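>>> take this sequence and fold it.
(chains A and B)
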Amino acid sequence: MTTLDDLLYAVARTPEIAELTRRGGGIQPSDLVRRVGRPLARDELARVGVADRGTSDPLEPASLADARAVADGLQGRVKQAAHVASAILDGVEAAARTEGLTFRRTDIGEVTLTRVAERMLVGGDLADAPWRTAVVESLLVRIREPKRLTPGEFARRLAVSWDEEWEARGAAALAAFPPSGIALGADRRPPLTRPGNRATCSWLDGLGRSVYDRYALEWRGRLAAPDPHEGWPGHRPPRQRAEGRDGAREEVARAARPYGLDQPEHRDVLRAAFAGAGGEPRRGAWRRMAGACRPSSSVDELAAGISDCLSLARRGGALRALELRLGDLGTYPDLVARAIVRKLWMDVHRHEQRFVEPMCTCLVGRQVRVAVDKSVAEGLAAWLGGGGEGGDLDGWGEDDDVGPGPGSATGNGSAAGRAQAIADEWQRRANATFTLLLERPEMLQDALQGGPDWPARYRSSVAEDEAGYLSADELLAYLRTHGAGDGGQR
Amino acid sequence: MSGGARPAVLRVEDTGSVTVGGPPVAPAGLGLVGIPGALVLVDPTETGSGLAVCVSDAVAAHESLVELLGPAVADAAVELERRGPGAAIEVPCAPTELATWVEQLGVLRWLDTSAPWALDEPLLRLERAVLALRCGGLIDDDGDAASELLRDAEAVVASLEVREAPPPVEGLLVEAAGYLEGLLLVDDPRLDTVRAARRLAAEGHARWPVPVVDVSMVQASCTPRAPAHAGGESLDELVAFSCAADWTRVRRGVVGRDETSVTWAIEPRPATGAFLSVSVEAQAELATSLPLFPAASTARELAFSVHVPGWPAPVAVGALVARPDWGTWMGGVELSAPVETRIARVLEHGEVPTLDVHERGREPVRGADPVTAEAVRWSARGAAVRRLATAQANPALWAAAATAYGRAQRLWLAAPVPESRTLAARCRELARGEVPVGAAPLTVTELLSSAPQ
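Below you'll find the predicted structure:
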């Protein structure tokens, strides 16, 4: 199933060209393929009589050798295009500086390569000074045009709208659909732009990202892959959203909706993911879910499928390797749920930015498989591993709960003193409680068995000094996650 | 890694994901690198011999797989995904140079969790960002790498200007400056400085001998030391213990990583009851080859919990406070009478209580097994040393690796996990050098973090 793109990427990765793109300066390998390699290759293929099948479509076996020869033969021209584009970018940069304009070279690398390829296709002289000047001028026009808003522009343009949206709908949505209830993030109004002390944000942060960072997601990513479910019974490809819409304003409106999403079906996917991550696997549920394509399915069905998928994934691969290092993944239900929910949020959010209709079940199934087989391992490795500055558990470093115990609010900076005081107080109450449990072992058994009336019995046992002990909820949560379980492990 | 095609087996797992090369038997753990639709699983002991990949969305991963392993693997993954669980096929796999970089990134990520000794943190950060950006859009989180690099832009420039970094580090700095050139706004005042520094650095550098690994440090890290228990079988006199701080509950860079970095004692105090004191070696400081980079912030809050056999909850908990002057973390707790009685009973029965050191919020989890954890730690020591031994062809290092793997093998056999025999056998092979050694080079971070200080 080799495609023309495959062959062209191989050309872009040849050491000489890779060295050129690696040196920075705004020329990216993917742009070289799309904007230079493809048009030149099509032109050459037409010359040798190979039918144009689209660069991502499999080449006919009979034409593979011709296509390979054409791609290999383009190496010199692709390299030349990269050099010329780089020189043009130097010219744009010099002119932009004179005019007081600014841009990133990577932002206009692609269009520069397009201009160069167009010139090559008509056999024009790439060294022709008037042509180069005209290209530089056209790129300067582009730089002067509106483009993706910077955080500052976004804030200036939308601060008032965001306040209005939040007041009108956002606060109520947060109360009705608290993100913490599905491990998607902390229950608070997102900032319009990222706080200055946060260098990056990623899918691990869930809703712990600013409205601007959600808006900016639309510009991320490589070329869209072909629809993998085309031709499946029941599959209806979603319609692309129209060009030229106001993505910034749309995102502000979306951020004020429950879970920062427009589509109720997508919210169901996230609720199901949370339930499924901690649920009992139902044998066969995943196969049923992954094998069908329908507009939507119930939360229960989705949750059962996700739970079954997780159970299957733990039999081998990255998740099993992680279990050997971290212990039974079942002891990290909050983090497993967090990884699946947050990865799926990225997928459904991105889908909403691009398409009109919600994801159908086959697309959901595909994303669930990625979330379970890939993202759980990545999430746990990031949250539980990592040295240096890595591996922090929290989104904004505040109160994004990760589990019971005194470290749930990992304080830092100015909050350190407060966190220390909370921890000291927790430690005092915990030691009193652990002593009490040693004196009354039946109470511990009671808690572990979790009968419906044990909290009441526990409370009556500590009634004389309730504030001096862990609450029933705190104790149960601690034992559930951190207790040795069978009592014989330690 | 490039150098001709070799066969690779692809199989559809029960979830529908396609594995390329099979999940590695990796007693020391894996380094994970996400690419679109797939996860690359890097076994640090098997670099240079092909990548193992778990492909969850073969269509989304197709382009990346072509670039990493060639079109035959990418096509086969798409085809197998259609067929469903159980299907398998063997196809020629042609790992590219890009696969080598992804693999090195995986090794750095593995080191970040599993390095048995201190790492040069700024160097680790720089090399990780450069490798991610070198992969040119293939890595999922290259945007984060770009942001990290932008954050360190001034330090990159300043380091290039002073020209004191060893050549491999300077190579990384020059490459980083290249990426910065594309990432900075063209009116960013730093851009001219980046370019000037890059030109200056390109003028060449004196020859530089490849550093030799600090063999004594490595040997010390691989010398088995079992947890100790000194003192009597009662609490009438002082009893002392030593143990390791679990690597998954205290992240790298905070406390020592050997098996006796934690010492604790219970001292009888007739007036007030017994007092339990804890001392943990802090991570030794390592001089960095990038002194102008901001130091990594490793501020952590540490705590401990005390456990006795047969009791599914701690019997006491406490906090640890950093004492930088002494190079330790210290803490203690007064034991209540019931706790003291329980511990005394445990000692009378010839058993020992255990103490767990952890970061706040990373308390020991239910079902975590200490033997498995120790087996992973010894496997990691073996893997880290084996990589150095291979690169430097040093018999003393090979011997140290074999010692560590020998210990790991025995522990895996005793570990209550279904794969224990397989993992033990793997450690035996690695100890004997029966596993072919690939040609993948060491990362700069590995090399310079293990050089004598």
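>>> got phi/psi on residue A:245?
With angles defined as degrees, to the nearest 10, residue A:245 sits at phi -80, psi 170.
>>> look up how far residue B:398 lies from it.
Using C-beta to C-beta, to the nearest Å, one gets 63 Å for the distance from residue A:245 to residue B:398. (Each C-beta comes from the backbone N, C-alpha and C, glycine too.)
>>> next one: residue B:91
Distance, residue B:91 to residue B:398, using C-beta to C-beta: 35 Å.
>>> go on, residue B:156?
Using C-beta to C-beta, we find residue B:156 at a distance of 37 Å from residue B:398.
>>> likewise for residue B:404?
Distance from residue B:404 to residue B:398, by C-beta to C-beta: 11 Å.
>>> same check, this time on residue B:47
Distance, residue B:47 to residue B:398, using C-beta to C-beta: 17 Å.
>>> could you do residue B:60 as well?
42 Å.
>>> those two: which is more packed in?
residue B:60 (21 against 18; other C-beta atoms under 10 Å in any protein chain shown).
>>> report pLDDT for that one.
Reported pLDDT at residue B:60 in the predicted model: 90.
>>> one more: residue A:399?
37.
>>> which residues touch the residue nearest the centre of chain B?
Centroid-nearest residue in chain B: residue B:114, 2.3 Å away (criterion: C-alpha atoms, centre = their mean). Residues in contact with residue B:114 (C-beta atoms under 8 Å, 6 or more residues apart in numbering or on different chains) are B:28, B:29, B:44, B:247, B:252, B:376, B:380, B:383, B:384.
>>> if you set the cut-off to 10 Å instead, what comes out?
A:325, A:385, A:387, B:28-31, B:44, B:247-248, B:252, B:257, B:376-377, B:379-381, B:383-384 (C-beta atoms under 10 Å, 6 or more residues apart in numbering or on different chains).
>>> show me the beta-bridge partners of residue B:7.
Using DSSP bridges, the bridge partners assigned to residue B:7 are residue B:92.
>>> which of the residues in whichever strand or helix holds residue B:168 are buried?
Using DSSP states H and E, residue B:168 sits within helix B:167-183. Under the neighbour-count criterion of 16 or more other C-beta atoms under 10 Å in any protein chain shown, helix B:167-183 has B:168-170, B:172-183 buried.
>>> ok, residue B:35 - contacts?
Applying C-beta under 10 Å, 6+ apart, we find residue B:35 in contact with A:374, B:53, B:55, B:60-61, B:63-65, B:67-68, B:102, B:135, B:138-140.
>>> just want the residue of chain B that's nearest chain A.
Chain B approaches chain A most closely through residue B:361 (2.4 Å), counting by C-beta to the nearest C-beta.
>>> and that residue, that's in a helix?
No: looking at residue B:361 with DSSP: H, G, I helix; E, B strand; the rest coil, it is coil, so not inside a helix.
>>> roughly how far does it sit from residue B:281?
Going from residue B:361 to residue B:281 by C-beta to C-beta gives 22 Å.
>>> and for residue A:347?
Distance from residue A:347 to residue B:281, by C-beta to C-beta: 44 Å.
>>> of the two, who's got more company?
Shown here are residue A:347 and residue B:281; by other C-beta under 10 Å, residue A:347 has more neighbours (21 against 18).
>>> three-state assignment of that one?
Going by three-state DSSP: residue A:347 is helix.
>>> can you tell me how far it is from residue A:360?
Look at residue A:347 and residue A:360: by C-beta to C-beta, they are 13 Å apart.
>>> for whichever strand or helix holds residue A:41, which positions count as buried?
Here residue A:41, judged by DSSP H and E, is contained in helix A:38-47. Of all the residues in helix A:38-47, those buried under the rule 16+ other C-beta under 10 Å are A:38, A:39, A:40, A:41, A:42, A:44, A:45.
>>> quick one: which of those is nearest residue B:151?
Nearest to residue B:151 among these, counting by C-beta to C-beta, is residue A:38 at 35.5 Å.
>>> got a list of what residue 117 touches?
All of this refers to chain A. With C-beta under 10 Å, 6+ apart as the criterion, the residues that contact residue A:117 are A:32, A:34-40, A:43, A:77-78, A:81, A:84-85.
>>> ah, no, chain B please
Residue B:117 makes contact with B:214, B:217-218, B:220-221, B:252, B:256-258, B:283-284, B:286, B:381, B:384-385, B:449-450, according to C-beta under 10 Å, 6+ apart.
>>> now do the phi/psi pair for residue B:55.
Residue B:55 has phi and psi values of phi -100, psi 110 when expressed as degrees, to the nearest 10.
>>> wait, it sits on residue B:8?
No: Residue B:55 is beyond contact range of residue B:8, at 11.9 Å (criterion: C-beta atoms under 10 Å).
>>> quick revisit: from the contacts of residue B:35, which single one is nearest residue B:234?
Of all the contacts of residue B:35, residue B:234 sits closest to residue A:374, with 53.1 Å by C-beta to C-beta.
>>> excluding chain neighbours, what is closest to residue B:358?
If the residues on either side of it in the chain are set aside, residue B:358 comes closest to residue B:249, at 3.7 Å by C-beta to C-beta, 6 or more residues apart in numbering or on different chains.
>>> measure how buried the residue of chain B closest to chain A is and give me the count.
Residue B:361: 22 surrounding residues under other C-beta under 10 Å.
>>> got the phi and psi for it?
phi 90, psi -10.
>>> relative to residue A:433, how far out is it?
According to C-beta to C-beta, residue B:361 and residue A:433 sit 19 Å apart.
>>> repeat for residue B:111
Distance of residue B:111 to residue A:433, given as C-beta to C-beta: 40 Å.
>>> one step back: correct me, but the residue of chain B closest to chain A touches residue A:478?
No: if you go by C-beta under 10 Å, residue B:361 and residue A:478 don't touch, sitting 11.9 Å apart.
>>> can you tell me the closest non-neighbouring residue to residue B:269?
In space, residue B:269 is closest to residue B:275, 5.4 Å off (C-beta to C-beta, 6+ apart).
>>> bridged to that neighbour, which residues?
Beta bridges link residue B:275 to residue B:267, residue B:334, judged by DSSP bridges.
>>> hmm, back to that, closest to residue B:13 out of the buried residues of helix A:38-47?
Proximity of those to residue B:13 (C-beta to C-beta) peaks at residue A:38, which lies at 34.5 Å.
>>> doesn't residue A:67 make contact with the closest one?
No: Residue A:38 is beyond contact range of residue A:67, at 11.9 Å (criterion: C-beta under 10 Å).
>>> measure stretch B:289-296 end to end?
With C-alpha to C-alpha, to the nearest Å applied, stretch B:289-296 spans 14 Å between its terminal residues.
>>> which residues does that stretch contact?
Residues outside stretch B:289-296 that contact it (C-beta under 10 Å, 6+ apart): A:387-390, B:119-126, B:151-152, B:154-162, B:164-166, B:168-170, B:172-173, B:253, B:288, B:444-445, B:448-449, B:451.
>>> can you point out the buried residues in that stretch?
For stretch B:289-296, the neighbour count (16+ other C-beta under 10 Å) marks B:289, B:290, B:292, B:293, B:296 as buried.
>>> next: stretch B:388-397.
With burial defined by 16+ other C-beta under 10 Å, the residues of stretch B:388-397 counted as buried are B:388, B:389, B:390, B:391, B:392, B:394, B:397.
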